[in-house]
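1. sequence and predicted structure are below.
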Amino acid sequence: MVAENALHSAQDAVIEAALAHVPFDGWSDATLKAALADSGVDAALAGALFPRGPLDLALAYHRRGDARMVAALAAMEMQGMRFRDRVAAAVMARLDLVEDKELVRRGTTFFALPQNAAEGAKAIWGTADAIWTALGDQSEDANWYSKRATLSAIYSATVLFWLGDDSEDHAETRAFLDRRIDNLMQVEKFKAAFRENPLGKVLLKGPLRVLDHIRAPRRPDDLPGSLKETA
């Protein structure tokens with residue numbers, strides 16, 4: 001545990017040092033090399049901290065933002081908010097935590113590269129999953145996937161709009177996000193109506209019954225270090 005904490009601290013130190021270099025050199029080998037030097041972290045640890053070099057550096061920065069968003073959401077008072085407003089607040093909380101838009105702009109370019117696109121998509125999915133989990137989503141069927149897929153699309157579109165938004169307090173981004181969530185709510189209403197429609201009931205009991213067998217992924221409870229209840 002001590003060694004793990006030391007590695008985490010070293011990784012965070014390199015990420016912090018990298019933030020000053022990314023606007024100029026992007027998420028690159030040059031940035032990683034400079035960040036290691038500035039942070040005082042032994043360059044020999046680079047392979048353990050960031051096995052794939054700048055790709056893992058960029059992903060670590062993204063995951064750190066997700067973790068900070070989850071902490072921010074836990075401190076928010078959302079009891080009186082409509083659920084759609086909670087989703088919007090979560091997305092904006094994630095964006096508000098960005099230190100410099102150029103970090104995300106460079107990241108968008110970096111993850112647009114063919115060799116990085118799959119990892120970029122997984123990172124966005126991870127953000128959507130973090131938001132739904134923080135908001136208390138308990139779906140265990142196909143809805144688990146559809147919610148995250150839809151929010152991933154909304155989040156990606158909102159980020160691109162936000163990058164070009166210079167309105168006060170990102171008011172235009174908030175309005176854009178509200179419109180996207182309105183679209184999502186219309187889809188959800190359609191799905192609810194479809195389930196109650198006679199044709200929908202037939203399809204859900206027939207060809208679409210395969211959806212009943214789709215389950216959300218579960219984390220194995222027998223991994224090393226996990227706690228299991230004992231009788």
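-> Happy to help now that I have it.

2. CA only for contacts and neighbour counts going forward, please
-> Will do.

3. in this structure, what residue spans correspond to helices?
-> Counting by DSSP state H, the chain has these helices, from start to end: 2-18, 22-25, 29-39, 46-49, 54-75, 83-96, 101-112, 117-134, 142-163, 171-196, 198-205.

4. comparing these, which gets the lowest mean pLDDT score?
-> When those are compared on mean pLDDT, helix 198-205 scores lowest, with a mean of 49.

5. out of the helices of the chain, which comes closest to residue 217?
-> Using Cα to Cα as the criterion, the shortest distance between residue 217 and the helices of the chain is 8.9 Å, found for helix 142-163.

6. what's the pLDDT at residue 99?
-> 94.

7. now it: how far from residue 65?
-> As defined by Cα to Cα, to the nearest Å, residue 99 lies at a distance of 10 Å from residue 65.

8. tabulate the helices of the chain (JSON lines), appending distance to residue 217.
-> Listed next are the helices of the chain as JSON lines, based on distance: least, Cα to Cα, whole Å:
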{"stretch": "helix 2-18", "distance to residue 217": "26"}
{"stretch": "helix 22-25", "distance to residue 217": "35"}
{"stretch": "helix 29-39", "distance to residue 217": "34"}
{"stretch": "helix 46-49", "distance to residue 217": "27"}
{"stretch": "helix 54-75", "distance to residue 217": "20"}
{"stretch": "helix 83-96", "distance to residue 217": "22"}
{"stretch": "helix 101-112", "distance to residue 217": "25"}
{"stretch": "helix 117-134", "distance to residue 217": "12"}
{"stretch": "helix 142-163", "distance to residue 217": "9"}
{"stretch": "helix 171-196", "distance to residue 217": "22"}
{"stretch": "helix 198-205", "distance to residue 217": "22"}
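
9. for stretch 168-188, buried residues please.
-> In terms of neighbour count (16 or more other Cα atoms under 10 Å), stretch 168-188 has its buried residues at 170, 173-174, 176-178, 180-181, 184.
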